[in-house]
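[1] quick one: sequence and predicted model below, then my questions.
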Amino acid sequence: MDSEAPLLTTTGLRALGEAHPERRARDGGDLERLRRGVYADAGNWRTATLDEQYRLRIRAVGERVQGPLVFSHESALRMLGLPALRPWPSMVHVIAPSSPGGRTKGDVVRHCIGVNPVDVVPVGALACTSPARTALDMALSRTFADAVVVADAVFARFPGARDDFAELLAELAPGTRGIRRAARVLAFADPLSGSPGESWSRVLISELGFSRPQLQAPVHVGRKRVAVVDFEWAEAGLVGEFDGEVKYRRLDYRRGRTPEQVVIDEKNRENEIRRVRRGVIRWTWDDLRDRRRLEDLLASAGVPRRTRG
């Protein structure tokens with residue numbers, strides 16, 4: 001479904017002769033109620049991805065909430081086309097003028113922290129926090145892993161964003177909630193991380209005490225480069241690969257190949273790597289969700305531990 005599919009409003013529907021759009025949506029008709037007074041075509045909604053549905057919820061808030069809005073946090077991520085570690089929330093996040101605490105009403109979370117106009121960017125007819133400000137807001141309020149996923153992507157896609165993040169961080173008052181975590185995120189983030197799964201892998205590899213791998217490392221057999229791998233521990237002759245399964249489904253990655261052919265090509269690629277490396281370790285989302293399983297996998301393969309002191 002087109003992410004910019006038309007929204008339908010009570011006013012517009014009544015102008016077309018629909019007297020009771022709320023009832024039409026409630027009774028399982030052809031309308032999906034997004035919030036009071038705003039609807040989407042029910043057929044389109046049911047076939048939309050979660051990504052598309054969240055974009056529609058954001059637009060529905062922009063359609064009905066009074067006053068200028070600056071979308072933030074996960075809502076800004078969606079508007080900017082940035083990844084999140086977790087599924088999109090049901091709530092829409094906006095920035096409100098600075099005041100103690102925050103306010104949640106209905107489907108909108110208002111973060112009363114204020115924002116400088118220079119840190120606001122337009123996205124179509126709406127506006128959201130800039131990439132660097134979005135990354136900082138996530139670092140201040142979400143887990144370290146959530147924040148690293150965002151910072152890795154922001155620093156990779158937006159030149160100068162790391163410096164902007166550092167400048168915004170320096171402007172915060174000492175003792176600001178989350179400021180130490182944000183500083184850790186700034187130091188840890190790496191634009192070479194190629195996906196949310198790779199970013200989360202890096203966080204867990206560090207937290208489990210393993211040494212830091214090289215990212216996007218080239219592997220050569222003779223003078224021929226046979227692969228660029230997600231992770232490499234050169235001192236141990238080990239390569240690590242995160243298998244997010246996207247490569248087997250995405251048409252742009254498959255480049256006309258069937259999923260079966262992609263699997264065969266990956267196996268041949270791994271065989272080439274094993275000619276010049278001692279081992280290849282693969283893990284998936286399920287391994288990341290089970291820290292003990294991931295630790296056992298890396299340790300049994302001989303991934304070196306980080307030297308303390």
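    Now that the structure is in, tell me what you want to look at. Numbering: from 1, shown residues only.
[2] which of the residues in stretch 81-92 are buried?
    Of the residues in stretch 81-92, those buried under the neighbour-count criterion (16 or more other C-beta atoms under 10 Å) are 82, 84, 85, 88, 89, 91, 92. Where C-beta positions appear, they are placed from N, C-alpha and C, glycine not excepted.
[3] of those residues, which is the nearest to residue 290?
    Of all the buried residues of stretch 81-92, residue 290 sits closest to residue 85, with 15.8 Å by C-beta to C-beta.
[4] so that closest one sits against residue 144, correct?
    No: the criterion here is C-beta atoms under 8 Å, and residue 85 misses it with residue 144 at 10.5 Å.
[5] mutual contacts of those two, please.
    Taking C-beta atoms under 8 Å, 6 or more residues apart in numbering as the contact rule, residue 85 and residue 144 have no neighbour in common.
[6] can you pull out the strands in the chain?
    Remark: strands assigned in the chain by DSSP state E are 8-9, 31-35, 38-41, 70-71, 92-96, 102-105, 108-112, 120-123, 126-129, 214-221, 224-233, 238-242, 279-283.
[7] in TSV: those strands, plus mean pLDDT and distance to residue 48.
    Compiled in TSV, these are given as follows (pLDDT from 0 to 100; distance: least, C-beta to C-beta, whole Å):
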stretch	mean pLDDT	distance to residue 48
strand 8-9	84	15
strand 31-35	87	9
strand 38-41	88	8
strand 70-71	98	19
strand 92-96	95	16
strand 102-105	74	25
strand 108-112	93	21
strand 120-123	97	19
strand 126-129	97	18
strand 214-221	95	33
strand 224-233	94	31
strand 238-242	97	28
strand 279-283	96	31
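[8] looking at the ones you listed, which is nearest to residue 256?
    Within the strands of the chain, the stretch nearest residue 256 is strand 224-233; the backing value is 20.3 Å (C-beta to C-beta).
[9] what sits up against the closest one?
    Under the contact criterion C-beta under 8 Å, 6+ apart, strand 224-233 has outside partners 194, 198, 201, 205, 211, 213-220, 238-242, 269, 272-273, 277, 303-304.
[10] can you flag the buried ones in the residues you listed?
    Buried subset of the contacts of strand 224-233 (neighbour count, 16+ other C-beta under 10 Å): 194, 198, 201, 205, 213, 215, 217, 219, 238-242, 269, 272-273, 277, 303.
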